[in-house]
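Asks: Need the 3D shape of this:
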Amino acid sequence: MVDLTRIRNIGIIAHIDAGKTTTSERILYYTGKEHKIGAVDDGTATLDWMKEEQERGITITSAATTCFWKYAGELHQINLIDTPGHVDFSAEVERSLRVLDGAVGIFCGVGGVEAQSETVWRQAGKYRVPRLAFINKLDRVGADFTGVLDQMVRKLGARPAVCALPWFEGEQLAGTLDVLRQRALVYEEESQGAKVADQDIPTEAVEAARQAREKLVEILAEQVDWLTDRYLRGEEIPLPDLHRALREATIAAKITPVFCGASVRNIGVQPLLDAVCAYLPSPGDIPPVEGVDPGSDRRISRPADPAAPLSALAFKTVNDRHGELTYIRVYSGILENGSMIHNPGREKKERISRLFLMHANQRNPVEKVEAGGIAAAIGLRFTGTGDTLCDVRHPILLERIQFAEPVITMAVEPKSTADKDKLSEALSRLAKDDPTFARSVDPETGQTIISGMGELHLEHLCRVMREDFSVSVNTGEPRVAYKETLLTGATAEGKFIKQLGGHGQYGHVALRAEPDPASLKATVEFKIRQGSIPREYYAAIEEGIRSGISEGGHYGFPIIYLRVTVLDGSFHSVDSSEIAFQAAASLAIKEAVRLARTAVLEPIMKFDVVPPSEYLGEVLNDLNRRRAEIESVEAIEGGKQRVCGTVPIAEMFGYATTLRSLTQGRGAFSLEPSTYRRVPEEVLKLKFGGEG
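Replies: Below you'll find the model as predicted:
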């Protein structure tokens, strides 16, 4: 068992095609986890194990693995998660970063800081995850190491601390320069980069390396207090102290150490592995996890200590042919096979049947997982993504993971009667595994509607239904997942009274609904006088409210940006029940929405379109016709332009085909959810025949 101080829980994050999986494959090879290097292009990447990932050449689901790397004479355990780069699967990045202690952001040396790079960097910042940067693909024509550094500052607000420089012989990338040690590293081709020669820096690169070291020491002196005076006095700072300062500043997220190379050519990965061990935090370096006592809402914390009571977070569930797996990050205590644990969010007891360390889709059984570990479990019947698992005698409720709302919908129906029940089961399983997937039934047509983050996301879900659940379905055209919001507030009450001979049903709820631009998902508050409604019915009331708003406002779309305050109510000592209060709350919120004015909102996407310069005019004209708001146009390497801005997703269906036509197949683009905006009056009348 590796000591807690030598465990690293890291994620690989980046824009699509920046080289995440390619870099991860080299990490597996150099750490001895795999005996040959897998390749994305020929479908042999270990971590892209799904058939669809191998066919498309992209990562769709986060893959976890555990490997070991010797640094400074000590063996370190690296729990690594390779995350997707496509925006449609950003939930995989979100839930991974929620439980990781550090991350490696990979940037293409040619493409630089691309759209999804910004998104994942922002996600990591939200969870205060320290990061390293690896500038990849520096062997390519048009690669610009300095240009990517500038973009990191300008687009990400990062403070790059260059720890490695690319070293070229003519036009060829020959190796990397270790800035702190002032040494050149050459990666032997015959060993696929496994053997690294440590040699003197070539004469032509000595000055650049010296200046880079001076700059690095200066940055550290600015950020690390105990180093500042020594630097100002002109002292020569020993190498161990510089490593210590780099580690402190990285963990505090004051700087981002930058490394470089070309993963596909096996250059630069070993120094990155050293940096993961040297500079990213162990579970013991991060603050104790915080949560609340479910009984009193009092804030409590748990240190990363195996001797502390168990606290863990289920961050992902997966159904495969072997059954359901629940991925768990253990923050404190020990999780053991056969142990009985508590799920306080659902007020359920669970028993751990078996625990596994995962290597992509391979399961390696273990007896226990201690604080700081990441593993997968089978046997959990009630636990879903974001649920807390803890000691039965020492309950704690950790903060749940927040996910983006789905932005497009599609109708699905079974091809035969035999597929009907299988479709229902498949949709239930998908909804549990994927927090950005939703399903509903159109009350007018009776059609089943599925919702997701983009066209590729829905295509993937339909493929899973066909191949994993053997369900044959017909699909409709993708549609926009419109929402509604309140323009005015309203107060209403709902009563549910039913007599059925013996005990009846009684629930009474009074509430106020009003717009809340600060909260995308509806927030529910209880401000009722003591004793009017017992606390045991609060959860049922909230469930009734959320059920009511999901049925929509005046146009039938779910309501967002909403705050609901439960003001009053009453109960019956015999006839009141959770069902009655759930129904009463649903009636109350529907009445409040009916009394208020609402507006239709449409999802707005951030776009990043990269056309060749000669086609810029046609691309801009087309974007303007799509109601796009252009924010920037800049020239980039390779004779191309980058156009950034926002656009309604309603205008972007089929855009890939249009862009190929406009640019003779040479353009590229990406979309990511940004916000919701009120539908313009003229568009509203055209689409819905009404006014917002």
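
Asks: ok, so what distance separates Phe315 from Asp387?
Replies: 9 Å (C-beta to C-beta, to the nearest Å). Just so you know, the C-beta spots here come from the backbone N, C-alpha and C atoms, and that holds for glycine as well.

Asks: State the helix or strand in which Trp121 lies.
Replies: helix 115-126 (DSSP states H and E).

Asks: And that helix, what does it pack against?
Replies: strand 7-14, helix 90-99, strand 102-108, helix 145-156, strand 598-610, strand 668-678 (3 or more C-beta pairs under 8 Å, 6 or more residues apart in numbering; DSSP states H and E).

Asks: pLDDT on it, on average?
Replies: Helix 115-126 shows a mean pLDDT of 85 in the predicted model.

Asks: so what secondary structure elements neighbour the following helix or strand past it?
Replies: Downstream of helix 115-126, the next assigned helix or strand under DSSP H and E is strand 131-136. Here strand 131-136 touches helix 20-30, strand 102-108, helix 145-156, strand 256-260, helix 269-279, going by 3+ C-beta pairs under 8 Å, 6+ apart.

Asks: Repeat the analysis, applying 6 Å as the threshold.
Replies: strand 102-108, strand 256-260 (3 or more C-beta pairs under 6 Å, 6 or more residues apart in numbering; DSSP states H and E).

Asks: With mean pLDDT and mean neighbour count as added columns, please give those in a markdown table.
Replies: Shown next, in a markdown table, are the helices and strands packed on strand 131-136 (pLDDT from 0 to 100; neighbours: other C-beta atoms under 10 Å):
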| stretch | mean pLDDT | mean neighbour count |
| --- | --- | --- |
| strand 102-108 | 95 | 26 |
| strand 256-260 | 98 | 26 |
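
Asks: Which stretch among those strands approaches Lys422 most closely?
Replies: strand 102-108 (38.8 Å; C-beta to C-beta).

Asks: So for stretch 15-33, what gets flagged as buried?
Replies: Of the residues in stretch 15-33, 15-31, 33 count as buried by neighbour count, 16 or more other C-beta atoms under 10 Å.

Asks: same question but for stretch 533-552, I mixed them up
Replies: 533, 537-538, 540-546, 548-549, 551-552.

Asks: Could you do stretch 675-692 as well?
Replies: Buried, per 16+ other C-beta under 10 Å, within stretch 675-692: Tyr676, Val679, Val683, Leu684, Phe688, Gly692.

Asks: Widest-spaced pair of these?
Replies: Among the buried residues of stretch 675-692, Tyr676 and Phe688 lie farthest apart (C-beta to C-beta), at 16.0 Å.

Asks: before we move on, back to that, kindly reformat the buried residues of stretch 533-552 as a markdown table containing secondary structure, pLDDT and distance to Ala91.
Replies: Listed next are these as a markdown table, based on DSSP: H, G, I helix; E, B strand; the rest coil; pLDDT from 0 to 100; distance: C-beta to C-beta, whole Å:
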| residue | secondary structure | pLDDT | distance to Ala91 |
| --- | --- | --- | --- |
| Ile533 | coil | 91 | 35 |
| Tyr537 | helix | 91 | 32 |
| Tyr538 | helix | 92 | 28 |
| Ala540 | helix | 93 | 28 |
| Ile541 | helix | 94 | 28 |
| Glu542 | helix | 94 | 23 |
| Glu543 | helix | 93 | 23 |
| Gly544 | helix | 95 | 27 |
| Ile545 | helix | 95 | 24 |
| Arg546 | helix | 92 | 20 |
| Gly548 | helix | 92 | 26 |
| Ile549 | helix | 92 | 22 |
| Glu551 | coil | 85 | 24 |
| Gly552 | coil | 84 | 24 |
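
Asks: Pipe those residues into CSV and attach distance to Asn364 per row.
Replies: Shown next, in CSV, are the buried residues of stretch 533-552 (distance: C-beta to C-beta, whole Å):
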residue, distance to Asn364
Ile533, 50
Tyr537, 45
Tyr538, 43
Ala540, 42
Ile541, 45
Glu542, 40
Glu543, 39
Gly544, 44
Ile545, 44
Arg546, 40
Gly548, 46
Ile549, 44
Glu551, 46
Gly552, 47
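
Asks: Helices along the stretch 151-300 of the chain, start to end?
Replies: 206-223, 225-232, 239-251, 269-279 (DSSP state H, counting those that start in this stretch).

Asks: ranking those by burial, who's on top?
Replies: helix 269-279 (a mean of 23; mean count of other C-beta atoms under 10 Å).

Asks: For it, give the mean pLDDT please.
Replies: Helix 269-279 comes out at a mean pLDDT of 97.

Asks: tell me what that helix is packed against?
Replies: strand 63-71, helix 239-251, strand 256-260.

Asks: JSON lines please, covering those and showing distance to Lys495.
Replies: Converted to JSON lines, the helices and strands packed on helix 269-279 look like this (distance: least, C-beta to C-beta, whole Å):
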{"stretch": "strand 63-71", "distance to Lys495": "50"}
{"stretch": "helix 239-251", "distance to Lys495": "56"}
{"stretch": "strand 256-260", "distance to Lys495": "58"}
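
Asks: between those, which one is nearest to Ser451?
Replies: strand 63-71 (25.2 Å).

Asks: Same question for the closest one: list its buried residues.
Replies: Applying 16+ other C-beta under 10 Å to strand 63-71 flags Ala63, Ala64, Thr65, Thr66, Cys67, Trp69 as buried.

Asks: Run through the helices of the stretch 551-692 of the chain in chain order.
Replies: Counting by DSSP H, counting those that start in this stretch, the helices of the stretch 551-692 of the chain are 578-595, 616-625, 655-663, 681-688.

Asks: Which strands and helices lie in contact with the longest one?
Replies: If you count contacts as 3+ C-beta pairs under 6 Å, 6+ apart, helix 578-595 packs onto strand 490-498, strand 505-515, helix 538-550.

Asks: do you know which of those lies nearest Tyr561?
Replies: strand 505-515 (5.8 Å).

Asks: confidence score at Met603?
Replies: Quick fix: residue 603 is Pro, not Met. pLDDT at Pro603 comes out at 91.

Asks: Then Thr59?
Replies: We have a pLDDT of 64 for Thr59.

Asks: Start the count at 808 instead of 1 going forward.
Replies: Fine by me, first position is 808 from now on; the one you just mentioned is Thr866.

Asks: where does the stretch 808-957 of the chain have low pLDDT?
Replies: 808, 847-851, 855-867, 892, 894 (pLDDT under 70).

Asks: repeat for the stretch 1008-1157 of the chain
Replies: For the stretch 1008-1157 of the chain (pLDDT under 70), the answer is 1127-1130.

Asks: same deal with the stretch 1158-1307 of the chain?
Replies: Using pLDDT under 70, the stretch 1158-1307 of the chain drops low at 1250-1252, 1307.
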